[in-house]
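> Could you look at this predicted model? Sequence included:
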Amino acid sequence: MDVKSRNYLLMNRQALEKDIKTSYIMDRMISDEVLTLQEEEKVKQQNTQKERAAMLINIILKKDNNSYRSFYNALLHEGYRDLAALLQDGIPAISSGSGKSSMDGMTSYVKTVLCEGGVPQRPVVFVTRPKLVDAIKEKLCCLGSDPGWVTVYGMAGCGKTVLTAEALRDHQLLEDYFPGGVHWISVGKQDKAGLLIKLQNLCSRLEHDSTLSQRPPLNIEEAKDRLRLLMLRKYPRSLLILDDIWDSWVLKAFDNQCQVLITSRDRSVTDAVAGNKYEVHVESGLAHEKGLEILSLFVNMKISELPEQANCLVRECK
Ligand SMILES: Nc1ncnc2c1ncn2[C@@H]1O[C@H](COP(=O)(O)OP(=O)(O)OP(=O)(O)O)[C@@H](O)[C@H]1O
Ligand SMILES: [Mg+2]
């Protein structure tokens, strides 16, 4: 489900739970083939009307755009016009080819998820490094739905940040493995006070649509607890990206049974945390041809038209 639609459900959750009676709504969703009989049974097993509504919403939150549309239509036709109106602006756009029309995986869904998650854009001059991007994607898939860490490591400036952001520009990966979205945090070298600010910012970002405005966490322990609950309850199956980690103690604040991708110059940075671990090594320096490609893009010439000195320049930059 699109992040925006999901947010509309979360934002209006209380009103929905308070008012809806689930049986007719579920009938419609079953006939739309977006809800199974087992899921209906699970909802029916709840004791109170409010608990049944809460369970149904939890189930829908894990589903796709069609389920959101079907739920919206059911509300509209079963006498809950006011509640349907609350969800109207969150109705996902119908895109051709299930939203996968873009050549390079940059569908509107991907754009929304990455923009909301704060993932950096491609540099203006950009060359592809498909093997490394695929290696990162493969490790992210290895995480499956279990908590764990993927470390992208390599020397300063070898392209870790750019490659990591590029690996996330993949509709299928995001939809299948991280339907809860992605959250990018540029960490850098920090002391305790700096880390607390990063955590406070992250918590306020993740709580942005909460009806109750919370005060920022006062210390790292509190922030860690807050983050754990947010990831568990509000953003299950999402990915945290911690860019540019220098010290392993920083990771303790994020050691919360969630799925994390980190970039670091230091391969051993995840040694102190628990869980499944995978790594991708980014070799330093681009291949000579890639260096020429970047130069040609900068000067707006074809590689074949570059003068002989271009080779010396690229070699000098290594
Ligand atoms: N595929 C690419 N195409 C073009 N430019 C790139 C590419 N990858 C990296 N760069 C450029 O190289 C520079 C360093 O890249 P990046 O920030 O990804 O490195 P890094 O390994 O994350 O560095 P650090 O260790 O300092 O965090 C940036 O200016 C970026 O624009
Ligand atoms: Mg970096």
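The structure has been received and is ready for your questions. Being a predicted model, the structure only gives us computed values, none of them experimental. Ligands and ions are numbered 1, 2, ... in the order given.
> Stretch 296-305 and ligand 1 in contact?
No. In terms of CB under 6 Å from any ligand atom, no part of stretch 296-305 sits within range of ligand 1; the closest distance is 8.0 Å. C-beta here means a position set from N, CA and C on the backbone, and glycine is covered the same way.
> How about the residue at minimal distance from the centre of the chain, nearest residue that isn't a chain neighbour?
Against the mean C-alpha coordinate of the chain, by CA atoms, centre = their mean, the closest residue is Val182 at 1.5 Å. Excluding its sequence neighbours, the residue lying closest to Val182 (CB to CB, 6 or more residues apart in numbering) is Gly117, at 3.9 Å.
> What of Ile59?
Of all residues not flanking Ile59 in the chain, Glu39 sits nearest, at 5.3 Å (CB to CB, 6+ apart).
> And for Leu35?
With CB to CB, 6+ apart as the criterion, Leu35 has its nearest non-adjacent residue at 3.9 Å, and that residue is Met29.
> List of residues touching stretch 110-124?
2-4, 102, 161-162, 165-166, 168-171, 174, 181-185, 205, 241 (CB atoms under 8 Å, 6 or more residues apart in numbering).
> at 7 Å instead, please
Here stretch 110-124 makes contact (CB atoms under 7 Å, 6 or more residues apart in numbering) with 2-4, 161-162, 165, 168-169, 171, 174, 181-184.
> So which of those are in strands?
Among those, the ones falling in strands (DSSP state E) are Val182, His183, Trp184.
> Now do whatever residue of the chain ends up closest to ligand 2, the pLDDT please.
Distances between the chain and ligand 2 by CB to the ion are smallest at Thr161, namely 3.3 Å. Here, the pLDDT recorded for Thr161 equals 97.
> tally of neighbours for it?
Residues near Thr161, counting by other CB atoms under 10 Å, number 18.
> What parts of the stretch 201-318 of the chain come near ligand 2?
Proximity of the stretch 201-318 of the chain to ligand 2, by CB under 5 Å from the ion, involves residues Asp244.
> which stretches of the stretch 201-318 of the chain form strands?
Ranges of strands within the stretch 201-318 of the chain are 239-245, 259-264, 276-281, based on DSSP state E, counting those that start in this stretch.
> Can you tell me what sits against the longest one?
Taking contacts as CB under 7 Å, 6+ apart, the residues outside strand 239-245 that touch it are 161, 164, 178, 182-188, 251, 254, 258-264, 269.
> correct me, but Leu297 touches Gly291?
No. Leu297 is not in contact with Gly291 according to CB atoms under 7 Å; the separation is 11.0 Å.
> So which of those two has more stuff around it?
Between Leu297 and Gly291, Gly291 has the larger neighbour count (other CB under 10 Å), namely 20 against 14.
> ok, that one touching Cys312?
No. If you go by CB under 7 Å, Gly291 and Cys312 don't touch, sitting 11.2 Å apart.
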